[in-house]
Each structure stands twice: as C-alpha cells, then as structure tokens.
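[1] Got a sequence here, can you model it:
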Amino acid sequence: MRFVSVEHSPGLLGPFQDRAPGLPAVPGEGLRERKKRLTRQLISDTATMMFLDRGFEEVRVTEVAAACNVSEQTVYNYFPTKESLVLDREVEMTAALRRVLGPGGALMSPVDAAVGLITAELNELWDQDRDQPLDLGLIHRFLALLERTPALRAAQHDMMERLAQVAAQAMAARAGVDPHDPEPQIAAEAILSLWKIQFSAIEKYTDGTRTPTEVRERVISEVYRAARLIETGLWSFGIVVQGAHSREQLRTAVEAAKQARKKVAAAIKQAREAWTQATTDPHR
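    This next block holds a predicted model:
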C-alpha cells in the first residue's frame with residue numbers, strides 16, 4: 001500500500017493515499033499501464049487491510065487473490081513475495097534516491113536532499129484533498145504490523161540495506177569515487193537512517209492524543225533534528241556526551257570539526273584520483 005502518489009515522493013511507508021475510487025491518470029500513461037497500476041494498487045491495498053484485520057501470518061496469498069478476483073499467479077506477477085505486498089515502494093524509492101543523490105541531482109547536500117524527499121512524502125500524505133479525514137489510527141496499526149511481524153521486519157531491513165547501497169552508488173558517482181569507499185558507505189547508512197526516524201516518530205505520535213497537524217509537525221521536527229546531527233558530522237553530539245560546556249572546550253571541538261572536514265576532503269580527493277585511475281587503466 002502507499003502513502004503518496006508517484007508524481008511526488010514515493011516514500012517507504014505505504015497505505016492510505018489515493019484510496020478514492022478512480023485514481024487519477026499519470027501523465028503519459030496509457031490505458032494498459034493504468035489498468036496494471038490500478039490492479040497492483042488494489043492487490044496491495046486489499047492485502048494490507050486483510051493483514052491488519054487478521055495478522056500477516058494468518059492470511060494466505062490465495063485469499064488475497066480471491067478477494068481481488070484475480071489468480072494467485074497474477075498476485076505473484078505483481079509482487080514476488082508475500083512481504084512485498086506491504087513493502088511495495090522499493091522500485092520508486094530506488095529511482096528517487098538515484099535522482100536526488102546522483103550526478104543529476106540539485107546542488108544541495110545529500111542530507112538536505114533526503115530531508116526533501118521525506119518532507120514531500122509527509123506533506124503529500126497530510127495535505128491532499130480527502131473526502132474523509134486522515135485516519136491516524138490506521139497508520140499507527142500499519143506501523144505496528146511491521147514492528148510485530150518478524151517476516152516484515154526482516155524484509156524491511158533487507159530493503160533498507162539495498163536502498164543504502166543505491167544511495168552509496170549514487171553519491172559515489174556524483175563524487176567520482178568508488179561506491180565501496182568508507183565515505184559514501186557511511187553517508188548512505190546515515191541518510192537512510194532518517195527514514196527510520198520518520199517511522200519511529202510517526203508510530204510514537206499517532207497514539208490518538210494529537211491532531212494530524214500536530215503529528216506532522218512533530219515528525220518533521222524529529223527528522224530535522226536527526227538531519228542536523230548528521231550534517232554536523234556528530235561532533236555536536238560528541239560534545240554533549242563528553243560533557244564539554246566551557247567556551248574553550250566548544251572552541252576546541254569546533255576546530256577539531258574543521259580539521260576533520262579537511263581530512264575528509266583530502267581523503268575524498270585521493271579516493272577520487274584512485275577511482276579514476278582504476279576505472280580508466282586498462283591493465284588493472
């Protein structure tokens with residue numbers, strides 16, 4: 001299931017958007033493509049609601065097929081695994097990460113680009129026109145389903161690992177370095193962790209005690225806080241952990257951060273030169 005439409009941020013969450021009868025056509029989409037998209041959406045939506053009602057392990061794929069009036073093979077044509085009936089946005093998210101983090105992305109930091117994707121997802125979820133108000137309880141149940149189901153947790157973990165590699169490859173291509181270098185690898189892990197913060201915050205704040213607007217504000221606030229921490233290279237958190245409070249200690253920490261940035265820049269330059277040589281030298 002999905003939270004957001006394909007024209008905007010694809011998101012990693014899932015349900016509850018575009019549930020009104022007759023989804024709008026995607027620009028340039030033919031009748032055959034539209035029919036396939038609607039069928040895929042119907043299967044995913046139906047499966048997720050059945051999982052929410054009865055539990056993931058208690059529902060068989062054959063039952064989902066019957067509820068959608070399609071064959072079991074048709075379900076597997078759209079979704080290779082039972083888990084992908086719920087976690088169905090990987091393809092779109094892969095494309096989005098490549099678009100914003102790769103060589104053709106806007107001139108902004110990778111962290112800002114990731115925050116932009118998450119913010120667009122949340123805004124699309126909350127701001128779209130609806131006949132009925134946003135059902136925070138249903139969103140909470142969906143995230144709880146992911147959390148309490150071992151098979152879904154494992155599938156989500158594997159998906160996040162694959163997406164981290166996509167992010168590392170995209171950033172490495174933009175920087176001109178080996179995607180297996182430590183810098184793009186650790187940067188990708190940090191950036192993908194922003195979605196984990198989003199999941200956790202949504203589950204925490206959709207407990208029935210806040211309005212949809214309050215939930216969105218708190219979720220975005222937590223994502224921004226995590227992004228600021230990543231952007232500063234964790235040095236500010238290190239200050240707190242070490243108990244540094246004096247001005248002199250702060251000045252020392254700032255200078256250390258500057259030196260660290262210089263070292264990283266130098267390492268990236270060396271890595272870029274090594275990667276260029278490795279990819280152009282025919283004897284290697």
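[2] only C-alpha atoms for contact and neighbour calcs from this point on.
    Fine.
[3] Find the residue ranges of the stretch 151-284 of the chain scoring beneath the pLDDT cut-off.
    Regions of the stretch 151-284 of the chain meeting the criterion pLDDT under 70 cover residues 234-261, 263-268, 271, 282-284.
[4] can you do 80?
    Across the stretch 151-284 of the chain, the ranges flagged by pLDDT under 80 are 232-284.
[5] all helices for it, in order.
    If DSSP state H, counting those that start in this stretch is used as the criterion, the helices of the stretch 151-284 of the chain fall at 182-205, 212-231, 235-242, 247-280.
[6] Can you give me every residue that contacts residue 273?
    For residue 273, the contact set (C-alpha atoms under 8 Å, 6 or more residues apart in numbering) comprises residue 177.
[7] any idea how far it is from residue 189?
    24 Å (C-alpha to C-alpha, to the nearest Å).
[8] List the contacts of residue 218.
    Contacts of residue 218 by C-alpha under 8 Å, 6+ apart are 201, 205.
[9] what do you get for residue 192?
    Counted by C-alpha under 8 Å, 6+ apart, residue 192 has contacts 160, 163, 164.
[10] how near is the first one to residue 167?
    Just to be clear, that refers to residue 160. 10 Å.
[11] ok, now residue 30?
    Residue 30 is 31 Å from residue 167, by C-alpha to C-alpha.
[12] the more surrounded of the two?
    When neighbours are counted by other C-alpha atoms under 10 Å, residue 30 and residue 167 differ, and residue 167 comes out ahead with 30 against 10.
[13] Leaving out sequence neighbours, find the closest residue to the more buried one.
    residue 188 (5.4 Å; C-alpha to C-alpha, 6 or more residues apart in numbering).
[14] Can you report how many residues lie near the one you found?
    25.
[15] dump the residue contacts of it.
    Taking C-alpha under 8 Å, 6+ apart as the test, what residue 188 contacts is 164, 165, 167, 168.
[16] Relative to residue 32, how far out is it?
    37 Å.
[17] swap in residue 125?
    From residue 125 to residue 32 the distance is 27 Å (C-alpha to C-alpha).
[18] With neighbour numbers in mind, choose between those two.
    Set residue 125 next to residue 32 and count neighbours by other C-alpha under 10 Å: residue 125 wins out with 22 against 8.
[19] before we move on, the earlier item: which of the contacts of residue 188 sits closest to residue 281?
    Lowest distance from residue 281 to these (C-alpha to C-alpha) belongs to residue 168, with 23.2 Å.
[20] Tell me how far that closest one lies from residue 192.
    As judged by C-alpha to C-alpha, residue 168 and residue 192 stand 10 Å apart.
[21] Residue 159 - nearest residue in space that isn't next to it in sequence?
    residue 90 (7.1 Å).
[22] okay, now that neighbour: neighbour count?
    Neighbours of residue 90 using other C-alpha under 10 Å come to 18.
[23] for residue 217, same thing?
    When neighbours are counted by other C-alpha under 10 Å, residue 217 registers 11.
[24] so residue 276 touches residue 176, yeah?
    Yes. Look at residue 276 against residue 176 with C-alpha atoms under 8 Å: they come within range, at 7.3 Å.
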